[in-house]
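S.K.: Pasting a predicted model and its sequence here:
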Number of protein chains: 2
Amino acid sequence: MSTRVESAAELWLTWKRAFEAVRAPIVADVTAGSDLSEPELSVLVTLFEAGGAARQNVLAAELGWDRTRLSHLLTRMEAREYVTRGKVTGGVEVALLTRGRDALDTSIPTLEDSARRHLLDALDPEDVRALRRIVRRLLTS
Amino acid sequence: MSTRVESAAELWLTWKRAFEAVRAPIVADVTAGSDLSEPELSVLVTLFEAGGAARQNVLAAELGWDRTRLSHLLTRMEAREYVTRGKVTGGVEVALLTRGRDALDTSIPTLEDSARRHLLDALDPEDVRALRRIVRRLLTS
DNA sequence: AAGCGAATGTTGACATGTCAACACGGGTCG
DNA sequence: CGACCCGTGTTGACATGTCAACATTCGCTT
């Protein structure tokens, strides 16, 4: 009759809650300043970290997204001249355009500031170390 | 010209990546078994934790969602007879229906199992303790 | 070379989320 | 009382994400 929410599920659910609680204000901050949505920023950042260009499937894997989602989003971003797509043996390569770099330059400081206020400052150094360790572990498992 | 991604932003971005990496398989597991979407499950769980019924605005706050989103979702869930809405002084109260409880009973064990495999088992006890502490801290800040 | 299969992307229909505008119902204060 | 104000919830238009079906291309096998 009445299911209980047990340990692993409970850990997941509270983690999710905390994550969303942090995400919401950060997204609000970031989207307030620029005309980038949060997913768009993720794409640009990932692209930037990859050196300015990346294969579309790599991008999708990096972001943990579905091909379809990325495809649709890139179509829109291409129309706004943030990125271009070029055919390459075995697929498609996406590259940052100037407008994309400019948008990044505008958004990153805002993101840095917001993330510091809503995440870093809420934790003490030990927590931060632990969080980094947890993240690393989860990403390599 | 070329922005760097600094410490707080970098922490946030990697955290997000790890979170998504954990979320994806859990969502896949949970939605595979039942006919509940992940947001729907969140609503049911929150409702259940609240004792089976809750004011709509409380629910929204608990979930960290927009009123609008919850309203739309509840409309769909009401149509599927998972929950009901009743007018109450000062707003609307949402209550679990039998179908909702049944769906929970089906989904929670799946969630528990999936969360254990994809989250708990990937961490050692120390990480888990740290994560719980971090979550608590973030939710009360 | 020809055929096949797997990986990659795209497309269109549909589900879901977001935003701005509106509607309603209590408080509160003149 | 009556005129506001504010918190709550709904609605409809639009943006975004998801899913299944389809193209294309590359590698592998024969």
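M.R.: Good, I have the coordinates. Remember, it's a predicted structure, so these values are computed and weren't measured experimentally.
S.K.: Tell me where chain A is predicted with low confidence.
M.R.: When the per-residue scores of chain A are filtered using pLDDT under 70, the ranges that remain are A:1-4.
S.K.: and the top helix by length along it, which residues are buried?
M.R.: Secondary structure of chain A read by DSSP state H shows that its longest helix is helix A:7-33. Along helix A:7-33, these residues count as buried under the neighbour rule (16 or more other C-beta atoms under 10 Å in any protein chain shown): A:8-19, A:21-23, A:26-27, A:29-31. Where you see a C-beta, it was placed from the backbone N, CA and C, and this is true even at glycine.
S.K.: Nearest residue to the middle of chain A?
M.R.: The geometric centre of chain A, computed from its C-alpha atoms, lies nearest to residue A:42 (C-alpha atoms, centre = their mean), at 3.7 Å.
S.K.: in which helix or strand would I find it?
M.R.: Per DSSP states H and E, residue A:42 falls inside helix A:38-49.
S.K.: quick one: contacts for the nearest residue to residue A:41 once chain neighbours are set aside?
M.R.: Distance criterion C-beta to C-beta, 6 or more residues apart in numbering or on different chains; nearest residue to residue A:41, sequence neighbours excluded, is residue A:107 at 5.6 Å. Residue A:107 sits next to A:30, A:33-34, A:36, A:41, A:44 when contact means C-beta atoms under 8 Å, 6 or more residues apart in numbering or on different chains.
S.K.: wait, doesn't residue A:122 sit right on residue B:139?
M.R.: No: under the contact definition of C-beta atoms under 8 Å, residue A:122 does not touch residue B:139, with a separation of 9.8 Å.
S.K.: Which one's more surrounded, those two?
M.R.: In terms of neighbours (other C-beta atoms under 10 Å in any protein chain shown), residue A:122 is the more surrounded of residue A:122 and residue B:139; the figures are 19 against 13.
S.K.: now that one, nearest residue through space, not along the chain?
M.R.: With sequence-adjacent residues excluded and distances taken as C-beta to C-beta, 6+ apart, residue A:122 is closest to residue B:141, at 4.3 Å.
S.K.: Touching, the one you found and residue A:120? I think so.
M.R.: No: no contact is recorded between residue B:141 and residue A:120 when judged using C-beta under 8 Å, the distance being 11.4 Å.
S.K.: who has more neighbours, those two?
M.R.: Neighbours per residue, other C-beta under 10 Å: of residue B:141 and residue A:120, the larger number sits with residue A:120, 19 against 13.
S.K.: ok so, going back, indicate whether the longest helix of chain A makes contact with DNA strand D.
M.R.: No: Helix A:7-33 does not reach DNA strand D (C-beta under 7 Å from any atom of the strand); its nearest approach is 9.4 Å.
S.K.: In the contacts of residue A:107, find the pair that's most separated.
M.R.: A:33 and A:44 (14.1 Å; C-beta to C-beta).
S.K.: Okay, and residue A:94 sits in which element?
M.R.: Using DSSP H and E, residue A:94 maps to strand A:91-96.
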